[in-house]
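Give me the fold of what follows.
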Amino acid sequence: MNSKMTRRTLLGQAAATGAIGSLPTMSMAATSDKIRVGGLHDLSGFLDFLGVPMNKMLLLAIEEVNAAGGLLGKELEPVIYDPQTNMSLYSQFATQLSLKDRAAVAIGGITSASRETIRPILHRYNVPYFYNTLYEGGVCDRNTVALGTTPAQTVEKLVPYTMKLWGKKVYTLAADYNYGHITAAWVKRFVEENGGEVVETDYFPLDVTNFGPTISKIQSAKPDMIMSVLVGSGHLGFYNQWAAAGMKNEIPIASTTFGGGGAEIEIIKPEVANGIVSSYGYYPSIDTPANRALVEKVKARYPTDTPLLTELSVLTYESLLIWASAVREAGSLDQAKILEVLEAGQTYDLPSGQVTIDPLTHHAVRDVYIADLQDKSFIIKEKYSQVQPSDTQLVCNLQEDPTANVQHEISLN
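You can find the predicted model right below:
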């Protein structure tokens, strides 16, 4: 499946779906008889392989709501911008969505940097914001709903599962920025809580592609397993180099990131990737009527350039459906009324499983899975129902402080 989208493809798709695909030099206008839905995903740039599927799934959800009669007697109109993985453009477009386009909701951001660029802007202008990427946790903002998983939901399950399989000596490899450092700290916490030891943690800038010296260090350390918190296309080189060194069948790998964006399993050959164990809030192999129906629906809607179904793209789809449900129940686009509905504890049955919005943190309480990658397919091994975002609950209580507008760095000391 091709995850790339050219400018011509974007504009063509926008015309077909009723969206007006905006590039940075284009402004968006919408008529007063429509409800504007803002999309901020990287359709070009370093992270377009993630942003393009997320945008396609957002458009699909908008189409579904419109096909069912829209909201409040009005049609939804997508207002789609391409920030190009550029934080200045993220800021510009979030402001434009808020003030010029008067979007009723904003959905988007991929990295924590992009989220923290647009979140305060949307908070200031009371535009409800849904963030759908797995991340390090800690956001505390009543205006923001975070559907992506946090380490306490996935890493907390992945560590004991893989230690039981492989052993208690763990070597961690992590990206050298906030997600990598914080997640590596959670790995260490969970390994030690389960009677194990992290023998070493190495951090790598995102542009590092040569892992030869690190592989030698791992061979000398003789761990039972590797926990990979590596991120981005450059870090994919580790897996190929690990297999080339003859280590793939010697020391197994678990990962908090591999396969999360989907493109990895298309890029890395099965003989290299087979056996990597991960944990996410969504896999395309979830065997439920709701997920099987979504998979078929996506194939029918996008028979060519089918978007990769991952936690990021499917939770983007689900976020629009959750917001639409809240609007219907509130009978209004008023931010305060919508937030009250979201905080009421309703459980949504979705392709990813059951989801409830935690009123204390506005993060998802959700089903979480562990899967083994085999021949480009995720074989689900375990399901954990209604897992709390307990890491963020340590630092955030929106019932006590409903005006909070911050991302906390969760201390594990």
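
Show the pLDDT at Tyr177.
If you check Tyr177, the pLDDT there is 86.

so who does it touch?
The contact partners of Tyr177, taken as C-beta atoms under 8 Å, 6 or more residues apart in numbering, are Leu206, Val231. Any C-beta I mention is one placed from the backbone N, CA and C, and that applies to glycine too.

can you do 10 Å?
Thr111, Ser112, Ala113, Glu136, Tyr203, Pro205, Leu206, Val231 (C-beta atoms under 10 Å, 6 or more residues apart in numbering).

any idea how far it is from Ile338?
33 Å (C-beta to C-beta, to the nearest Å).

Same question for Gly108.
Separation of Gly108 from Ile338 (C-beta to C-beta) stands at 18 Å.

Also Asn291?
Counting by C-beta to C-beta, the gap from Asn291 to Ile338 is 26 Å.

cool, and Arg328?
Separation of Arg328 from Ile338 (C-beta to C-beta): 10 Å.

How about Gly212?
52 Å.

Show me which of those two is the more surrounded one.
Counted by other C-beta atoms under 10 Å, Gly212 and Ile338 do not tie: Ile338 has more neighbours, with 21 against 11.

Any stretches of this protein with poor pLDDT?
1-32, 412-413 (pLDDT under 70).

Grab the most central residue of it for me.
Centroid check for the chain by C-alpha atoms, centre = their mean gives Thr133 as the closest residue, at 2.1 Å.

what's near enough to touch that one?
For Thr133, the contact set (C-beta under 10 Å, 6+ apart) comprises 50, 54, 108-112, 114-115, 146-149, 179, 260-261, 311-312, 315-316.

go on, Arg189?
Shown in contact with Arg189 (C-beta under 10 Å, 6+ apart): Pro151, Ala152, Val155, Glu156, Val159, Val198, Asp391, Leu412.

ok, now Ser220?
Applying C-beta under 10 Å, 6+ apart to Ser220 gives the contacts Glu200.

Pretty sure it sits in a strand.
No - counting by DSSP: H, G, I helix; E, B strand; the rest coil, Ser220 falls outside a strand, being helix.

and it, how far is that from Pro213?
11 Å.

Touching both of the two, which residues are there?
With C-beta under 10 Å, 6+ apart, Ser220 and Pro213 have no common neighbours.

Please, where are all the helices along the stretch 251-400 of the chain?
Secondary structure of the stretch 251-400 of the chain (DSSP state H, counting those that start in this stretch): helices at 264-267, 270-273, 289-301, 311-330, 335-342, 390-393.

Would you enumerate the residues in contact with Lys168?
Going by C-beta under 10 Å, 6+ apart, Lys168 touches Val191, Glu192, Asn194, Gly195, Gly196, Glu197, Val198, Val199, Pro223, Asp224, Met225.

Would you mind listing which of those are buried?
Val191, Gly196, Val198, Val199, Pro223, Asp224, Met225 (16 or more other C-beta atoms under 10 Å).

Which positions in whichever helix or strand the first one is part of come out as buried?
Here Val191 sits within helix 178-193, counting by DSSP states H and E. Burial within helix 178-193, assessed by neighbour count using 16+ other C-beta under 10 Å, is assigned to 178-191.

which one of these sits closest to Glu77?
Tyr179 (33.4 Å; C-beta to C-beta).

surely the closest one meets Val229?
Yes - here Tyr179 reaches Val229: they are 7.6 Å apart, a contact under C-beta atoms under 10 Å.

which neighbours do the two share?
Contacts common to Tyr179 and Val229, judged by C-beta under 10 Å, 6+ apart, are Pro151, Thr256, Thr257.

per-domain residue ranges of this protein.
Following the assignment in automatic domain parsing, the chain carries domains at 7-149+286-366+388-403, 151-280.

Cross the contacts of Lys168 against strands and list the overlap.
Glu197, Val198, Val199, Met225 (DSSP state E).

What is the most widely separated pair among these?
Checked with C-beta to C-beta, the ones in strands among the contacts of Lys168 reach their widest spread between Glu197 and Met225, with 11.5 Å between them.
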